[in-house]
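Asks: Give the three-dimensional model of this entry:
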Amino acid sequence: MAVILGILQGVTEWLPISSSGHLAIFQFYFEEKPPILFDIILHLGSLCVILYIMRDEIKEIMSALPGFLSNYKNYTNLKGEQRLIGLVIIASIPTAIIGFNFNSTVIGDFYSEMHLVGGCLVFTGIIVWFSKDYSGDKQIDDFPIKNALVVGFFQGLAILPGVSRSGTTIAISKILGMNPVRAARFSFLLFIPAILGATLLKIEEIDETISDVGELSLILGFISSVITSYFSINLLLILIKKQQFHYFTPYCLVLGTFLIYTSLF
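Replies: Got it, this is the predicted structure:
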């Protein structure tokens, strides 16, 4: 079961079809409910892949960090990696606000009401489809602060099962004029503080999670997430370069409509 969940997470986290939505579907139809920290550990597998794929850019960011800390008050004048650091921080603010304040009872409703998940999948599909005609040329230096806040808001919405984090953040960044490949890599960077923050919030539950799931299951789930995430991320980048990111819209619309129909009728 852990391997299946690891594969499911590794594939659906990066393709614009919502990992949380598929986890909710899995839990509903198979009556399996792994601890939240188990899901976060699967995401840590994806994080390891991102750190590897983005290793050169992360090195540049770390080198630029002292300069950012010295000049952040003059943010509008920052360029390059220093400005990128600022954009990631700014975009993470609405994400953190939504994450800290969203009622856990509401999230639980989504895991038991498939029409809600279906509606969110339809929402994701529409946004991704709408972004298909946008292929801007804005790089980090051209991307306004207010746009970063909008992207961060949509990342925060991905707390709802069925709203794809990667799908919405990349699509919205494209719509706001960012270069598609740059939008994908910006989305990858936003994933880092988001999953680290979620891990810190739930790390105290590690003993309980090991007791419920077992060490071997955690390890197998983590490894399967790493492997599938690597291939999924590279596939995503290929599709974005070919302007085929929106090819996943029909899947989201069909699955979402099916969930709505079977849940309500």
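
Asks: Poorly predicted segments of this structure, please.
Replies: Applying pLDDT under 70 to the chain flags the ranges 103-109, 202.

Asks: just the helices in the stretch 51-200 of the chain please.
Replies: 55-71, 80-101, 104-112, 114-130, 145-157, 165-175, 180-202 (DSSP state H, counting those that start in this stretch).

Asks: For the ones you listed, state which one has the densest average packing.
Replies: Highest mean neighbour count among the helices of the stretch 51-200 of the chain (mean count of other Cβ atoms under 10 Å): helix 165-175, with a mean of 27. The way it works is simple: take the backbone N, C-alpha and C, and place the C-beta from them, glycine included.

Asks: I'd like to know which elements that one is packed against.
Replies: The elements that helix 165-175 packs onto, with contact taken as 3 or more Cβ pairs under 8 Å, 6 or more residues apart in numbering; DSSP states H and E, are helix 114-130, helix 145-157, helix 180-202.

Asks: Could you export the ones you listed as TSV, including distance to Leu37?
Replies: Converted to TSV, these look like this (distance: least, Cβ to Cβ, whole Å):
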stretch	distance to Leu37
helix 114-130	21
helix 145-157	20
helix 180-202	5
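
Asks: Out of the helices of the stretch 51-200 of the chain, flag the one nearest Ser46.
Replies: helix 180-202 (7.4 Å; Cβ to Cβ).

Asks: relative orientation of that closest one and helix 55-71 in degrees?
Replies: With axes from the mean of the first three to the mean of the last three Cα atoms, to 10 degrees applied, the angle from helix 180-202 to helix 55-71 works out at 70 degrees.

Asks: can you give me the angle helix 180-202 makes with helix 165-175?
Replies: 140 degrees.

Asks: got the CA coordinates for helix 180-202 in PDB?
Replies: Extracted in PDB, the C-alpha atoms of helix 180-202 (Å, rounded to 0.1, in the frame of the first residue of the first chain):
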ATOM      1  CA  PRO A 180       6.600  29.000 -19.200                       C
ATOM      2  CA  VAL A 181       9.800  27.300 -18.300                       C
ATOM      3  CA  ARG A 182      10.600  30.000 -15.800                       C
ATOM      4  CA  ALA A 183       7.100  29.600 -14.400                       C
ATOM      5  CA  ALA A 184       7.700  25.900 -13.800                       C
ATOM      6  CA  ARG A 185      11.000  26.400 -12.100                       C
ATOM      7  CA  PHE A 186       9.500  29.200  -9.900                       C
ATOM      8  CA  SER A 187       6.700  26.700  -8.900                       C
ATOM      9  CA  PHE A 188       9.400  24.200  -8.000                       C
ATOM     10  CA  LEU A 189      11.100  26.700  -5.700                       C
ATOM     11  CA  LEU A 190       7.800  27.600  -4.100                       C
ATOM     12  CA  PHE A 191       7.300  23.900  -3.200                       C
ATOM     13  CA  ILE A 192      10.400  23.900  -1.000                       C
ATOM     14  CA  PRO A 193       9.200  26.300   1.800                       C
ATOM     15  CA  ALA A 194       5.700  25.000   1.500                       C
ATOM     16  CA  ILE A 195       6.600  21.400   2.200                       C
ATOM     17  CA  LEU A 196       9.300  22.300   4.800                       C
ATOM     18  CA  GLY A 197       6.700  24.300   6.700                       C
ATOM     19  CA  ALA A 198       4.100  21.500   6.600                       C
ATOM     20  CA  THR A 199       6.800  19.100   7.800                       C
ATOM     21  CA  LEU A 200       7.700  21.300  10.800                       C
ATOM     22  CA  LEU A 201       4.000  21.600  11.700                       C
ATOM     23  CA  LYS A 202       3.500  17.800  11.800                       C
END
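
Asks: Out of the helices of the stretch 51-200 of the chain, flag the one nearest Leu253.
Replies: The nearest among the helices of the stretch 51-200 of the chain, by Cβ to Cβ, is helix 114-130 at 4.5 Å.

Asks: Which secondary structure elements does whichever strand or helix holds Phe38 sit against?
Replies: In this assignment (DSSP states H and E), Phe38 forms part of helix 36-53. Packing partners of helix 36-53 (3+ Cβ pairs under 8 Å, 6+ apart): helix 2-12, helix 180-202, helix 206-213, helix 215-241.

Asks: For stretch 161-180, measure first residue to last.
Replies: Chord length of stretch 161-180, first to last residue, is 25 Å (Cα to Cα, to the nearest Å).
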